[in-house]
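Student: No sequence on hand, only this structure:
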């Protein structure tokens, strides 16, 4: 059986699976974020109804509801350093893998792109990121 005749099919299949998985992951992430916010709003609504029922002041919506929690995590100094090291070491690993696998130094140069991204992240962290303070954790609402 000649496997070379199926090679174009497998290349196409890999591309299709990669696109479907990428789009599917993005949709799943948006859906879970929406579900989390929907549940938080429902719980807050229930809390407001109970406050009205018991004659207490209606608590306002917490400011965290209007913020993207992922955005706060990405601004933390530790996240900046993590991104820098991820890109830097990923690029080094890619360069070594391409150089050992293909034995062609020109193709191994593609690994320099993630190395450059990692160095840019590291330079930002060293210049600005490590001097930033970690954003404060949200304070719980006082119990009435």
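Tutor: Nice, thanks for sending it over. Just so we're clear, the structure is a prediction, and the values are computed from it rather than from any experiment.
Student: use CA for all of it now, contacts and neighbours both
Tutor: OK.
Student: What's the per-residue pLDDT of residue 41 here?
Tutor: On the pLDDT scale, residue 41 is placed at 86.
Student: count of neighbours near it?
Tutor: Counted by other Cα atoms under 10 Å, the residues lying close to residue 41 total 14.
Student: Look up how far residue 26 lies from residue 113.
Tutor: 24 Å (Cα to Cα, to the nearest Å).
Student: the more surrounded of these two?
Tutor: More crowded of residue 113 and residue 26, by other Cα under 10 Å: residue 113, with 16 against 11.
Student: I'd assumed residue 92 was in contact with that one.
Tutor: No. Judged on Cα atoms under 8 Å, residue 113 makes no contact with residue 92 at a distance of 9.9 Å.
Student: Show the contacting residues for residue 114.
Tutor: Residue 114 makes contact with 87-88, 90-91 under the criterion Cα atoms under 8 Å, 6 or more residues apart in numbering.
Student: all strands for the protein, in order.
Tutor: Here the chain has no strands by DSSP state E.
Student: shaky segments in it?
Tutor: Across the chain, the ranges flagged by pLDDT under 70 are 1-3, 64, 67-75, 133-144.
Student: Tell me how far stretch 79-90 lies from the chain's centre.
Tutor: Relative to its parent chain, stretch 79-90 has a centroid offset of 13 Å by Cα atoms, centre = their mean, to the nearest Å.
Student: cool, stretch 8-16 as well?
Tutor: Taking Cα atoms, centre = their mean, one finds stretch 8-16 lying 27 Å from the centre of the chain it belongs to.
Student: Can you tell me how far residue 5 is from residue 12?
Tutor: With Cα to Cα as the criterion, residue 5 and residue 12 are 13 Å apart.
Student: isn't residue 58 right up against residue 51?
Tutor: Yes. Between residue 58 and residue 51 a contact is recorded at 5.8 Å, counting by Cα under 8 Å.
Student: more neighbours, these two?
Tutor: Per other Cα under 10 Å, whichever of residue 58 and residue 51 has more neighbours is residue 51, with 15 against 12.
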